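compute the structure for the input listed below.
(one chain, ligands or ions: 1)
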Amino acid sequence: MRFLCVKRVLHLRGLRESSSCPWLFSAISYYSDTPKKKSKLAPLQERRMIDRFKVYAKGGDGGNGCQSMRRSRHERHGHPDGGDGGRGGDVILECSTALWDFSSLNHHINASKGGHGSSKNKIGTKGADKIVRVPIGTVIHLVEGEVPSVVEHHSSTDLDPWQIPGTLVDDLSSHHKNSFKFSNRETEVESAFKTTLVTCNESKNNVRNSSFRRETSEVASTDEISQVSAFPDSSIQDEFGESEEMMYNVAELTEEGQRIIIARGGEGGLGNVHEHKLSKKPKSSVGHEDKSIDSNLSEINESNRRTGSLGSEAVLVLELKSIADVGFVGMPNAGKSTLLGAISRAKPTIGHYAFTTLRPNLGNLHYDDLSITVADIPGLIKGAHENRGLGHSFLRHIERTRVLAYVLDLAAALDGRKGIPPWEQLRDLVYELERHQSGLSDRPSLIVANKIDEEGAEEVYEELKSRVQGVPIFPVCAVLEEGVDELKAGLKSLVNGDTPSRLKIDEIIVH
Ligand SMILES: Nc1nc2c(ncn2[C@@H]2O[C@H](COP(=O)(O)OP(=O)(O)OP(=O)(O)O)[C@@H](O)[C@H]2O)c(=O)[nH]1
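As a prediction, the model looks like this:
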């Protein structure tokens, strides 16, 4: 407001933008045009889930080594006592259950620089690591830079509902095989890269970013890496406008506390104290100074050894995968979360209002010979494919499930309630899936007819059976856990591929 007044006054005085102080006008315009801060209580539509995010990470540069001579009464010429520079901090991603998307992340993540060395052989301080928390199920695609490396691995067996399997592939058997192969290959690639890195560090302390990149791309050009890029997702390239080749799925964060270094800090430069140490080493037996010492000294004298090396840089695309074998798809309030709680040990929030679930809840179904992950995906409404009710975010999770269980509310239109009859719910759901991505509904499916305990629901269930063909329908009361065992058996045979039933929108009779 104040700036608007100043602007008006200046105009009244005949000052124009073209006058002697255009910067004043641009400053005033900037401040007066800056929109007010948004309220924290933004409407639901604005709280968009961010499940893909591009990150530019830069490790901290190493501090410079110090050049210093210590002189005293006893040592007229003095001796070198400059300490080494400190190592730069790493950029680390840490897996956390407290987050559910990437909205809290910044695109540019920088770790701190290492401190410079100083006299009296004082080593510079180590740059602080930058630890960024990401949600469970984060998959890393590498656009540029080093292959990330795992730094810590905490097992978390008690995180049962959150356990997410490897990566999504076409069939279950290959899923397990591939994820195993992938992790093997990842280790090979990682070790190949680390070997290169060590050689680099040994031969030349001042490893610059460019050489890091060159080495990485050399490794990347091998067949191994091209095989790692087994999950090309053109939509990621479209979204981020990446023309260059990306390395897909270089790492995944699937357990609480798991950490991965995405950009390494640079090594600190050497202080001149090393010259002193080396020059003090004993002469060889033939009376000549050891040649290796000579060469070491000349190496130390290279001016670039004083300078700390630059931290590595990486450009990554993070993607959140709610990978599950089964996806519960349904309208809001159909009872998906209640059902997940009934068939697994998951404890999702349940509410009698729509959109209680805003992020997918995951649960595990344990059988004697198999374990299946089930995702309770937030409710879809009509127009979800146009992003109504956060539809896009929710539909994306469905993309990453292998079989679908449509959860229908049998009681939605009973007793004059204004809800939609289950067959119409089903038609709308299939329509939304297909509009979001053609063929999305064309995967093994079954129907869960929920709320069978409600009065009049039995008749609706009978009518549903006559209106929908081709897929098994399981009558269930999620609240009382009735029909749950049959459903679990049905889900198992669906995942195993024993009942490859698919739903066709034309086979749903609505009128
Ligand atoms: N009578 C009856 N009510 C049920 C049953 N299952 C769930 N409900 C109720 O339906 C309401 C919605 O249940 P939720 O599990 O939160 O439904 P949801 O599909 O996860 O809802 P969103 O989070 O909006 O997607 C709750 O009040 C449940 O108690 C059932 O089998 N019978």
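
residue contacts, residue 398?
Residues near residue 398 by C-beta atoms under 8 Å, 6 or more residues apart in numbering: 327, 329, 377, 404, 433, 436, 440. Placement of C-beta: from N, CA and C, glycine included.

and the nearest residue in space to residue 505 that is not next to it in sequence, how far from residue 406?
Of all residues not flanking residue 505 in the chain, residue 430 sits nearest, at 4.8 Å (C-beta to C-beta, 6 or more residues apart in numbering). Look at residue 430 and residue 406: by C-beta to C-beta, to the nearest Å, they are 8 Å apart.

follow-up on the earlier one: how close does the residue nearest to residue 505 get to the ligand?
Distance of residue 430 to the ligand, computed by C-beta to the nearest ligand atom, to the nearest Å: 17 Å.

so that residue makes contact with residue 503?
Yes. In this structure, residue 430 is within contact of residue 503 by C-beta atoms under 8 Å, at 6.0 Å.

overlap in contacts, these two.
406, 441.

where does the protein dip in pLDDT?
Along the chain, the model assigns pLDDT under 70 to residues 1-49, 151-244, 276-304, 322-323, 351, 353-358.

please parse it into its domains.
Following automatic domain parsing, the chain resolves into domains at 2-35, 48-280+293-319, 323-507.

thinking again about what came up before, counting neighbours around each, name which of residue 430 and residue 406 comes out higher.
residue 406 (27 against 23; other C-beta atoms under 10 Å).

host element of that one?
According to DSSP states H and E, residue 406 maps onto strand 401-409.

mind listing the shared neighbours of residue 430 and residue 406?
Joint contacts of residue 430 and residue 406 (C-beta under 8 Å, 6+ apart) are residue 503.

output the contacting helices and strands for the helix or strand encompassing residue 341.
Per DSSP H and E, residue 341 falls inside helix 336-343. Contacts defined by 3 or more C-beta pairs under 8 Å, 6 or more residues apart in numbering; DSSP states H and E place helix 336-343 against strand 324-330, strand 361-366, strand 371-376, strand 445-450, helix 484-496.

is the first one positioned near the ligand?
Yes. Applying C-beta under 6 Å from any ligand atom, one finds strand 324-330 touching the ligand at residue 330.

packing partners for that strand?
Taking 3+ C-beta pairs under 8 Å, 6+ apart as the contact cut, strand 324-330 packs with helix 336-343, strand 371-376, helix 391-399, strand 401-409, helix 422-436, helix 484-496.

next one: the second one
In terms of contact count using 3+ C-beta pairs under 8 Å, 6+ apart, strand 361-366 is assigned the packing partners helix 336-343, strand 371-376, helix 484-496.

again, only this time at 7 Å
Helices and strands touching strand 361-366, by 3 or more C-beta pairs under 7 Å, 6 or more residues apart in numbering; DSSP states H and E, are helix 336-343, strand 371-376.

likewise the fourth one?
Contacts of strand 445-450 with other secondary structure elements, assessed using 3+ C-beta pairs under 7 Å, 6+ apart, are made with strand 401-409, strand 473-476, helix 484-496.

most neighbours per residue, which of these?
Counting by mean count of other C-beta atoms under 10 Å, strand 401-409 has the highest mean neighbour count of those, with a mean of 26.

pairing partners for that strand, with directions?
Strand 401-409 has the following strand partners under DSSP bridges: strand 324-330 (parallel), strand 445-450 (parallel).

and the contacts of stretch 503-511?
423-424, 426-427, 430-431, 434, 441, 445, 467-471 (C-beta atoms under 7 Å, 6 or more residues apart in numbering).

apply 8 Å and report the result again.
404, 406, 423-424, 426-427, 430-431, 434, 441, 445, 447, 466-471.

buried ones only from those residues, please, as a ChimeraX command.
Selecting only the buried entries of the contacts of stretch 503-511 in ChimeraX, with 16 or more other C-beta atoms under 10 Å as the criterion:
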select :404,406,423,424,426,427,430,431,441,445,447,467,468,471
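
residue 396 touches residue 50, doesn't it?
No. Checked against C-beta under 8 Å, the pair residue 396 and residue 50 is beyond contact range at 10.9 Å.

for stretch 366-383, how far is the first residue from the last?
End-to-end distance for stretch 366-383: 35 Å, by C-alpha to C-alpha, to the nearest Å.

that stretch and the ligand in contact?
Yes. Using C-beta under 6 Å from any ligand atom, we find that stretch 366-383 touches the ligand at 378, 379.

if we can go back for a sec, is any residue of the helix holding residue 341 near the ligand?
Yes. Remark: helix 336-343 sits within contact range of the ligand at 336, 337, 338, by C-beta under 6 Å from any ligand atom.
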